[in-house]
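S.K.: Sequence first, then the predicted structure:
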Amino acid sequence: MKKPYYIDYRQEPFEGHAHRYLCADCKVETTTINGQLSGHLTTCAYRLALEKAGYESSGACQTPASLDADDVD
């Protein structure tokens, strides 16, 4: 199975930023995830649950969120 977008995961605010969010399970920034199951880390509880349910993922996450970003909202 495959969904067009995977956006039903729990999110938490990116500390110190008003409009940035992370996956609550793997801490990858939502802009990195970009609606793709493969955007989550391979160890992410959300990704593992969907893969176990039969959803397809294409590859691995590129990079986890950078907590030392220099841009401020």
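M.R.: Looks like it arrived, so ask away. Note that this is a predicted model, so its numbers are computed, not measured.
S.K.: Buried residues in the helix or strand that contains Tyr46, which are they?
M.R.: When elements are assigned from DSSP states H and E, Tyr46 belongs to helix 45-52. Residues of helix 45-52 classed as buried under the neighbour-count rule (16 or more other C-beta atoms under 10 Å) are Tyr46, Arg47, Leu48, Leu50. All C-beta spots, glycine's among them, are computed from the backbone N, C-alpha and C.
S.K.: Could you do stretch 28-41 as well?
M.R.: Of the residues in stretch 28-41, those buried (16+ other C-beta under 10 Å) are Val28, Glu29, Thr30, Thr32, Ile33, Gln36, Leu37, Ser38, Gly39, His40, Leu41.
S.K.: Switch the buried residues of helix 45-52 over to JSON lines; also include pLDDT.
M.R.: As requested, the buried residues of helix 45-52 are exported to JSON lines (pLDDT from 0 to 100):
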{"residue": "Tyr46", "pLDDT": "97"}
{"residue": "Arg47", "pLDDT": "95"}
{"residue": "Leu48", "pLDDT": "96"}
{"residue": "Leu50", "pLDDT": "95"}
